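Undergrad: here are the coordinates; sequence isn't available:
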Ligand code: PEP
């Protein structure tokens, strides 16, 4: 059965002692949350070991926010999928709009990272979404379609639950503005059609989650949409109470 997913992307925040406090607070808030929801925390690389040690064998899973596509070698500053698995990661976020926009990641780079990660045992959350400018000229569907098709090109999925697509309209990230549930659902339906055309029945198990200024007040409505299978949380994930509130609503 497909489980809802709530993932917290901490971005470039949290020194190690702060990561420790936040993780502890989240874990204590989650004690009475049902098991049928996947909870993922994505701290910065420097705090992966702190968070990994605290979550141990709990139901919370660790994610990295980025990865390189080669296994090892002369790639100064990069981190391989195998290194992330070694650090306790089960998931990796790939193609976040901040990496596409600020660090120049292309669809081709995103695809290489997806393939390397899946084949080395990491599960993938790939982010797609249009900018404000693209939205204003009516290109939302076209952009998302091409990002998703590129991410899925030649992809073999042994288990569709290992692959999550996060629709994150760039204009909604960190702005306090978010897509209406209907706007988000329309894009999710398009994504579902693409995954359906490639993976047939298996595609139903691919989760499509929404991200962009999600908080404890708007999550409920979003999750009532048929094709929204969870949320990727930025700002609200840096506050334990807000994050736990979102998880609890998603688990209801
Ligand atoms: C994100 O960066 O993935 C995100 C969704 O951020 P925020 O929730 O702060 O908009």
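TA: That came through fine. Fair warning: this is a prediction, and the values are worked out from it, not measured in the lab.
Undergrad: residues from this structure in reach of the ligand?
TA: Residues of the chain lying near the ligand by CB under 6 Å from any ligand atom: 9, 168, 173-174, 211-214, 232-236. No exception for glycine: its C-beta is placed from N, CA and C like everyone else's.
Undergrad: how about the closest residue to the ligand within the chain, nearest residue that isn't a chain neighbour?
TA: Nearest residue of the chain to the ligand (CB to the nearest ligand atom) works out as residue 234 at 2.1 Å. Distance criterion CB to CB, 6 or more residues apart in numbering; nearest residue to residue 234, sequence neighbours excluded, is residue 9 at 5.3 Å.
Undergrad: same question for residue 248.
TA: residue 33 (5.8 Å).
Undergrad: tell me where this structure has helices.
TA: Using DSSP state H, the helices of the chain run over 16-29, 48-55, 81-86, 97-102, 107-119, 132-136, 140-152, 181-199, 219-223, 240-251.
Undergrad: identify the residues contacting residue 39.
TA: Applying CB atoms under 8 Å, 6 or more residues apart in numbering to residue 39 gives the contacts 5-7, 30, 33, 59-61, 247.
Undergrad: show me what contacts the closest residue to it other than its chain neighbours?
TA: Nearest residue to residue 39 in three dimensions, chain neighbours excluded: residue 60, at 4.9 Å (CB to CB, 6+ apart). Taking CB under 8 Å, 6+ apart, we find residue 60 in contact with 26-27, 30, 39-41.
Undergrad: check residue 60 and give its pLDDT.
TA: Residue 60 is assigned 97 on the pLDDT scale.
Undergrad: isn't residue 5 right next to residue 223, touching?
TA: No - with contacts counted by CB atoms under 8 Å, residue 5 stays clear of residue 223, the gap being 10.9 Å.
Undergrad: which residues are common contacts for the two?
TA: 230-231.
Undergrad: and stretch 231-251, how far out from the chain's middle?
TA: With CA atoms, centre = their mean, to the nearest Å as the basis, stretch 231-251 stands 13 Å off its chain's centre.
Undergrad: name the surrounding residues that touch that stretch.
TA: 4-11, 13-14, 22, 25-26, 29-30, 33-34, 36-37, 39, 41, 93, 125, 127, 166, 168, 173-174, 209-211, 213-216, 219-220, 222-223, 230.
Undergrad: report the central residue of this protein.
TA: Closest residue to the average C-alpha location of the chain: residue 125 at 4.3 Å, with CA atoms, centre = their mean.
Undergrad: so what's that residue scoring on pLDDT?
TA: pLDDT for residue 125: 98.
Undergrad: so in terms of bridging, what pairs with it?
TA: residue 93, residue 164 (DSSP bridges).
Undergrad: got a list of what it touches?
TA: Residue 125 touches 7, 40, 63, 91-94, 164-166, 209, 232, counting by CB under 8 Å, 6+ apart.
Undergrad: now tabulate these in JSON lines and tack on pLDDT.
TA: Listed next are the contacts of residue 125 as JSON lines, based on pLDDT from 0 to 100:
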{"residue": "7", "pLDDT": "98"}
{"residue": "40", "pLDDT": "98"}
{"residue": "63", "pLDDT": "98"}
{"residue": "91", "pLDDT": "98"}
{"residue": "92", "pLDDT": "98"}
{"residue": "93", "pLDDT": "98"}
{"residue": "94", "pLDDT": "98"}
{"residue": "164", "pLDDT": "98"}
{"residue": "165", "pLDDT": "98"}
{"residue": "166", "pLDDT": "98"}
{"residue": "209", "pLDDT": "98"}
{"residue": "232", "pLDDT": "98"}
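Undergrad: so which of these comes closest to residue 69?
TA: Using CB to CB, residue 94 comes nearest to residue 69 of those, at 9.8 Å.
Undergrad: nice, that's everything, thank you.
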